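S.K.: Fold the stuff below for me.
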Amino acid sequence: MCKKVVVFILLVAIVFTLGFTTGQPVYTKQKEGNAREHLIQKEVLGQMLSFKTYIKDTLQAEVQKGTVDTLRLRRAFLTTRLLFKKFEWASEYFTADLSRRLNGPPVEEVENADLLDPSLARGVEPIGLQVIEELIYPTYDNSNRQKLIREIEHLITNTDYLISYFEDHQLEDWRILDASKLEVFRIISLGITGFDNALSRNSMIESSMALGSLQQILLQYEGRKETLRLMLKGAIKYLQTTRGI
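M.R.: This is a model prediction of the structure:
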C-alpha cells in the first residue's frame, strides 16, 4: 500500500505540472499539420502495427498449436498488453469506442437504440484483452480454446479499424497534450490499482510502459517544463523496480 501511495503522489504531481487547461491550443497548428504532429502520428501507427503483428505472429500462433504451452501463452499475452499500453493514450482519447473493444472491462454492456422503449435494449458481450485474460488466468482450460481463438480474431479486426482511423485523421498538438494528461489520470485510476489486469497482476510494469510512451511524446515539445521530464523519469524508474498488483 505504501508503494502505491508513493506512485500516486508522483503521478498527481505530474498532472499538476502538465496543467489542467483543456480545449485550448498551446502550440500553433499549421494548415497541413506540423512536422512534430506527423512524427507523433507515425510513431503511434508504428506501435499499432507492431501490436497487430505480434498478436498474429506470437499470441495467435501459441493458441493454434496442437498443444498449448500455458507459460508461453501467458508470456505472449503479457507482452501483448505491454504493446497496447504504448499507444493506449491515443486510442483512449481519439477512439474511445474502439479502445473499449481492445481493452474494455469484461462485463456485459446494455445498448438501447430507443431510450423511450426499454424493450429494445440488448446485451453486448465484452471483447478484448481483459476477456482474454479471464480465459488464461488463473488457470488455462483447453475447453475454452475456440473461444480464445475467436477473441484474438476480434482483437486483430478491431486493431485494423484502429489503424485505419489513425491513417486518415491528423493529430493536433493540443489534443496530443490533452490526451497525455488524461492518460496520467487513467494510470492513477485504472493502472496502478490493477483494475484492468486484475488476474495477471502486472500493473506496475504496464503503468511504467504507458508513462514511458508519454515521456517519448513529451520530448517532442521543447516548451515542456524540465521538472515534468524529471518527474516522469523518476516515476517510470520507481514503477519498473516495484512489484505491485
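S.K.: Just say helix, strand or coil for M209.
M.R.: helix (DSSP: H, G, I helix; E, B strand; the rest coil).
S.K.: is it true that it touches T80?
M.R.: No: M209 lies out of contact with T80 (CB atoms under 8 Å); the separation is 11.8 Å. Bear in mind the C-beta positions are built from the backbone N, C-alpha and C, glycine included.
S.K.: tell me which element the nearest residue to S208 once chain neighbours are set aside falls in.
M.R.: Counting by CB to CB, 6 or more residues apart in numbering, the nearest residue to S208 once its immediate chain neighbours are dropped is L239, at 3.6 Å. Here L239, judged by DSSP states H and E, is contained in helix 226-240.
S.K.: Mind giving me the packing neighbours of that helix?
M.R.: When contacts are defined as 3 or more CB pairs under 8 Å, 6 or more residues apart in numbering; DSSP states H and E, helix 226-240 packs onto helix 2-18, helix 203-218.
S.K.: Next up, the contacts around the residue nearest the centre of the chain.
M.R.: For the chain, the residue nearest the mean C-alpha position is E88 (2.8 Å; CA atoms, centre = their mean). Counting by CB atoms under 8 Å, 6 or more residues apart in numbering, E88 touches 99, 103, 183, 186, 210, 213.
S.K.: Export the helix holding L239 to PDB, keeping only CA atoms.
M.R.: Backbone C-alpha positions of helix 226-240 (Å, rounded to 0.1, in the frame of the first residue of the first chain) are rendered in PDB as follows:
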ATOM      1  CA  GLU A 226      12.200  20.200 -17.300                       C
ATOM      2  CA  THR A 227      10.500  19.400 -13.900                       C
ATOM      3  CA  LEU A 228       7.900  17.400 -15.800                       C
ATOM      4  CA  ARG A 229      10.500  15.300 -17.500                       C
ATOM      5  CA  LEU A 230      12.400  14.600 -14.300                       C
ATOM      6  CA  MET A 231       9.200  13.500 -12.500                       C
ATOM      7  CA  LEU A 232       8.300  11.200 -15.400                       C
ATOM      8  CA  LYS A 233      11.700   9.700 -15.300                       C
ATOM      9  CA  GLY A 234      11.500   9.200 -11.600                       C
ATOM     10  CA  ALA A 235       8.000   7.700 -11.700                       C
ATOM     11  CA  ILE A 236       9.000   5.300 -14.500                       C
ATOM     12  CA  LYS A 237      12.100   4.100 -12.700                       C
ATOM     13  CA  TYR A 238      10.100   3.600  -9.500                       C
ATOM     14  CA  LEU A 239       7.400   1.600 -11.200                       C
ATOM     15  CA  GLN A 240       9.900  -0.600 -13.000                       C
END
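S.K.: Do I have it right that L190 meets N197?
M.R.: No: assessed by CB under 8 Å, L190 is found out of contact with N197, at 9.3 Å.
S.K.: More neighbours: those two, which one.
M.R.: N197 (24 against 19; other CB atoms under 10 Å).
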